[in-house]
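# For reference, the sequence and a predicted model appear below.
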Amino acid sequence: MQFRQQALSKLQSADDIDLPVRYARPQGWLALAVTLVAMAAAAVWAVTGTVGDTLGASGILTHGQGSYVLQSPVRGQVTAVLAKEGSTVRAGAPLVKVRNPGGGATFVRALAAGRLTTMSVSIGSVLNTGADVASVERVRGSRDPLTATLYVPADRAASVPAGATVDLDVQSAPSGTYGVLRGHVQAVGRTAQSRKQIGSFLGSAQLGEEFSKQGPPVAVAVRLDRSSATRSGYRWSSPKGPPFALGSMTLASGTIHLADRHPVDWLLP
């Protein structure tokens, strides 16, 4: 009680009437000004600013025409392999010679012109009718440009616009050393693809399994940006990119840059 009475008597002292009133220190005014500027900047950004949205997907570099799996029409033993992986073959070219149980010889021939990507047999291999012999990628010519096919989850495909920029991390050219490969979305598939459809297009059942393990995806075709300043002939985030040409059937992971959106959606009455 003694302290309370002293405090009240001090407040009631007439000597305090003439003391100036201090509203705020200079440091307080500075803090207030900084706070108001920050709030104004945040309000402007909320109205006019945008936030970039991205979508990641796995994929592969190809020549865009798809592949096919060549199968043996007969049962027998392989006695000769007549083509090498990576070589270009014409339609009807013999790739493998098979001796059937009757002693006759049958040639397994390419169904369409293309590049031999995988030879599944060797001399001495025993084949059953319908066994896989080789995978052939359809190409029009040696100068066919590469494209990337990304397999996007079906529930996100509708958000991918044509023309969106894409950054590709190519397996054979690590991005930490050479940067990312640049491209743009050329087309978005209309329906999800099954494991079998993907395997048939790429000529590999294993890739069909890999790209559909999270469910049937939608294929997104990506056109690679060309450049005469790089060894690969394509544009990279680094000035030169890798010092070698890119090969078809190379795995890649892509980041699709979707349309920018405002950070705040305003609800108007």
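It's in. These numbers were taken from a predicted model, which means no experiment stands behind them.

# Do you have the strands of the stretch 1-150 of the chain handy? List them.
In the stretch 1-150 of the chain, the strands defined using DSSP state E, counting those that start in this stretch lie at 54-62, 67-71, 76-81, 88-89, 94-99, 105-109, 114-119, 126-127, 132-137, 147-153.

# Can you tell me which residue is spatially central in the protein?
Centroid-nearest residue in the chain: G254, 1.6 Å away (criterion: C-alpha atoms, centre = their mean).

# returning to that earlier point: now for the strands of the stretch 1-150 of the chain, which one comes closest to V170?
V170 lies closest, by C-beta to C-beta, to one member of those: strand 54-62, at 7.0 Å. Using the backbone N, CA and C atoms, a C-beta is placed for each residue, glycine as well.

# For that closest one, which residues meet the burial criterion?
55, 57-62 (16 or more other C-beta atoms under 10 Å).

# Around H257, count how many other residues there are.
16 (other C-beta atoms under 10 Å).

# tell me the contacts of it?
If a contact means C-beta atoms under 8 Å, 6 or more residues apart in numbering, then H257 has 52-54, 164-167 as its contacts.

# Contacts only, for S227.
By C-beta under 8 Å, 6+ apart, S227 lies in contact with 233-236, 241.

# what's the closest of those to Y151?
Y234 (20.7 Å).

# Give the burial count for the closest residue to that closest one other than its chain neighbours, as a bare number.
Excluding its sequence neighbours, the residue lying closest to Y234 (C-beta to C-beta, 6 or more residues apart in numbering) is L224, at 4.9 Å. Other residues within reach of L224, judged by other C-beta under 10 Å, total 22.

# Between the contacts of S227, which sits nearest A205?
Ranked by distance to A205 (C-beta to C-beta), the contacts of S227 are led by Y234 at 29.0 Å.

# I'd say the closest one and T147 touch.
No. With contacts defined as C-beta atoms under 8 Å, Y234 does not count as touching T147, sitting 10.7 Å away.

# Mind listing the shared neighbours of those two?
Common contacts of Y234 and T147 (C-beta under 8 Å, 6+ apart): L224.

# residues near T35, how many?
When neighbours are counted by other C-beta under 10 Å, T35 registers 10.

# Apologies, that question was intended for V188.
Neighbours of V188 under the rule other C-beta under 10 Å: 18.

# Hmm, it is touching V218, no?
Yes. Using C-beta under 8 Å, V188 makes contact with V218 at a distance of 6.7 Å.

# who touches both of those two?
The overlap between the contact sets of V188 and V218 (C-beta under 8 Å, 6+ apart) consists of 152, 157.

# If anything else comes up later, I'll come back, but that's it for now.
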